[in-house]
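Trainee: Make a model of this:
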Amino acid sequence: MYYILQLQTLAEKKDSIFGNYETAALARYESGETNYLESVAAQAKHQEIELELQQITKDVIIYQLGLMRLLNTTDSVLPDLEGAIKINEPAPNIYTTDHPFLNYYQQQMQLSELNKKLAVNNALPDFNIRYFNQNWYGIDDGFKGYSVGIGIPIAFWSYSANIKAAKTDFQIAEKNYEYNQLQFTSAYNSLLQQLDKNKTAIHYYEASGLMLGLKILDAAEETYKAGEAGYFEYMTAVEQYFQIQSGYLQVIHDYNETIINLNYFLNR
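Mentor: Model (predicted):
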């Protein structure tokens, strides 16, 4: 939602600039300072940007409705727009495999191991010892005794099949845990690489890219107003400025998404 609102603000600025220069191009054409092609090109470009702004405005409404649904409210909710906000990067060296995702597969493995032990125990002989004391009427001492019994499973082959099946289930659960642990660790390491990539791009934009974009825009406006550059040169330069601006917003968005995904792996 925040990213889309930033794009909307940028598109509104773009619409304002090209709207003004559509008017300027028409005036220059009517005064004979330029040809008809420049006027038509300026008009077409402005209409294209107006369509882009309309599409982004629709996206804002769509995301706003989604946010209202998540918050269970009928009130319109919009985040504050104060520059390109970056989510705080998590502290290093706090990665652990004690995670609900991995714990699930570990519990499945433990359960399979218990089922395997149960299948083995069911196939073992059953031993029992009993003591009895029975008194008869008129006889003081009565009868006392002990009994020892052993129960041997008759259909041992059925228990053997159960043991094999339980062992197979345990092996499957063990492999599932190992596989998902590998995937989990691999995905986390990939996010770390993505984070470095995002930080490098952000550093470029904040160190020089955004400043160069402003210089391009200022130079384009000055040379166009002075008649030193034609409309197409101006349009190319202004487009480059907005590409830099939108590229920066995209990188911030990607960086934030990476942090959010990292926080999942870090139980945050």
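
Trainee: ok now the lengthiest helix in the chain, how far from the chain's centre?
Mentor: Longest helix in the chain, counting residues (DSSP state H): helix 156-204. Averaging C-alpha positions (CA atoms, centre = their mean, to the nearest Å) puts helix 156-204 19 Å from its chain's average.

Trainee: Quick check: buried residues in the helix or strand that it is followed by?
Mentor: Downstream of helix 156-204, the first helix or strand assigned by DSSP states H and E is helix 210-225. Judged by neighbour count using 16 or more other CB atoms under 10 Å, the buried positions of helix 210-225 are 210, 213, 216-217, 220-221, 224. Every residue, glycine included, has its C-beta placed from N, CA and C.

Trainee: out of those, who's nearest residue 184?
Mentor: Nearest to residue 184 out of the buried residues of helix 210-225 is residue 210 (CB to CB; 36.9 Å).

Trainee: which residue packs closest to the closest one, ignoring adjacent ones?
Mentor: residue 248 (6.1 Å; CB to CB, 6 or more residues apart in numbering).

Trainee: name the element that neighbour belongs to?
Mentor: Per DSSP H and E: residue 248 is located in helix 231-265.

Trainee: Can you give me the buried ones in that helix?
Mentor: Applying a neighbour-count criterion of 16+ other CB under 10 Å, the buried positions in helix 231-265 are 231, 234-235, 237-238, 241-242, 244-245, 247-249, 251-256, 258-259, 261-262, 265.

Trainee: hang on, the earlier thing: make JSON lines out of the buried residues of helix 210-225 and add distance to residue 59 and pLDDT.
Mentor: Shown next, in JSON lines, are these (distance: CB to CB, whole Å; pLDDT from 0 to 100):
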{"residue": "210", "distance to residue 59": "24", "pLDDT": "95"}
{"residue": "213", "distance to residue 59": "24", "pLDDT": "94"}
{"residue": "216", "distance to residue 59": "27", "pLDDT": "93"}
{"residue": "217", "distance to residue 59": "25", "pLDDT": "92"}
{"residue": "220", "distance to residue 59": "28", "pLDDT": "89"}
{"residue": "221", "distance to residue 59": "29", "pLDDT": "86"}
{"residue": "224", "distance to residue 59": "31", "pLDDT": "80"}
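
Trainee: Farthest pair within the residues you listed?
Mentor: Across those, the longest distance by CB to CB is 21.5 Å; it joins 210 and 224.

Trainee: give me the low-pLDDT residue ranges for this protein?
Mentor: For the chain, the stretches with pLDDT under 70 are 81-84, 92-93, 121-128, 131-147, 149-159.

Trainee: picking up where we left off before, wouldn't the residue nearest to residue 210 be in contact with residue 208 here?
Mentor: No: checked against CB atoms under 8 Å, the pair residue 248 and residue 208 is beyond contact range at 11.5 Å.

Trainee: Determine how far the helix or strand in which residue 47 is found lies from the middle of the whole chain.
Mentor: Assessed by DSSP H and E, residue 47 sits inside helix 36-71. When distances are taken as CA atoms, centre = their mean, helix 36-71 is centred 26 Å away from the chain's centroid.

Trainee: could you give the angle of that helix to helix 231-265?
Mentor: Per axes from the mean of the first three to the mean of the last three CA atoms, to 10 degrees, the angle that helix 36-71 makes with helix 231-265 is 20 degrees.
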